[in-house]
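> here you go, sequence then predicted model.
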Amino acid sequence: MSCQPVAVDRELPPRRMPARILDEIFRHALDTGPEECCGLVSGDEEQRYRRIYRCRNEATARHLAEPDVYPRDGRRMFVMNELDYQRASEEAVARGERITAVYHSHVGSDLVLSALDQEYACHPAFPFPDADQIVIAVRDGRVAGAALFERDPGAGFAPGRRLEAEPA
Ligand SMILES: [Zn+2]
């Protein structure tokens, strides 16, 4: 798999999700800045984006414990806490839903799916191999943009699409 950063194609029509879900993700991103936030979105066939689950980003803890293995801290990468994502997944299943997307933020950097993000999402141990990826760019303490990167079977990820709130 090529691991070039996947950019957002602004020519493509945006993807829409409920304003409430987008607001909750944005709030999480602003709450954790200057560190990256991370979490999950669950849904079903009828509504792909019904609920979000905040997960703890343990990249800084890992970086402090094993700087050789984890050269970046939570400002530059995310590692989802295992207990948090297991609990979220169980809650989703109990509601008849499944995890449909993983979100995380980039603080002061670009709205792309980075090479590191793709390695993480495509790693054999990654728990949600079918989930799309949502990236939120935070700059100067505000949300500068959000994009959805959908799985492209056999080819990693499709070009990103801007994310917008569904009209009320
Ligand atoms: Zn990232």
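Sure thing, it's come through.
> so which elements touch the worst-scoring helix or strand of the chain on mean pLDDT?
Ranked by mean pLDDT, DSSP states H and E, the weakest helix or strand in the chain is helix 115-122, scoring a mean of 91. Contacts defined by 3 or more C-beta pairs under 8 Å, 6 or more residues apart in numbering; DSSP states H and E place helix 115-122 against strand 132-139. The way it works is simple: take the backbone N, C-alpha and C, and place the C-beta from them, glycine included.
> touching the helix or strand that the strand it packs on is followed by from outside, list them.
From strand 132-139 onward toward the C-terminus, using DSSP states H and E, the following helix or strand is strand 142-149. Applying C-beta atoms under 8 Å, 6 or more residues apart in numbering, the contact partners of strand 142-149 are 6, 8, 15, 22, 25-26, 29-30, 101, 111, 113, 132-138, 157-163.
> could you please name the strands strand 142-149 pairs with and the direction of each pair?
strand 132-139 (antiparallel), strand 161-165 (antiparallel) (DSSP bridges).
> which ones are touching the residue of the chain found nearest the ion?
Nearest to the ion, among the residues of the chain, is residue 117, at 4.0 Å (C-beta to the ion). By C-beta under 8 Å, 6+ apart, the contact set of residue 117 is 104, 133, 135.
> most neighbours among the residues you listed, which one is it?
For these, the largest neighbour count, defined by other C-beta atoms under 10 Å, is 27 neighbours, found at residue 135.
> picking that back up, when you check the ion, which of the contacts of residue 117 turn up near it?
Near the ion, judged by C-beta under 5 Å from the ion, there are no entries from the contacts of residue 117.
> select only the buried ones of the contacts of strand 142-149 in PyMOL?
What follows is the PyMOL syntax selecting those of the contacts of strand 142-149 that are buried according to 16 or more other C-beta atoms under 10 Å:
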select buried, resi 6+8+15+22+25+26+29+30+101+111+113+132+133+134+135+136+137+138+157+158+159+160+161+162+163
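> quick one on the thing from earlier: could you report the distance from the residue of the chain closest to the ion to residue 72?
12 Å (C-beta to C-beta, to the nearest Å).
> go on, residue 26?
23 Å.
> do residue 115 as well
Applying C-beta to C-beta to residue 115 and residue 72 gives a distance of 13 Å.
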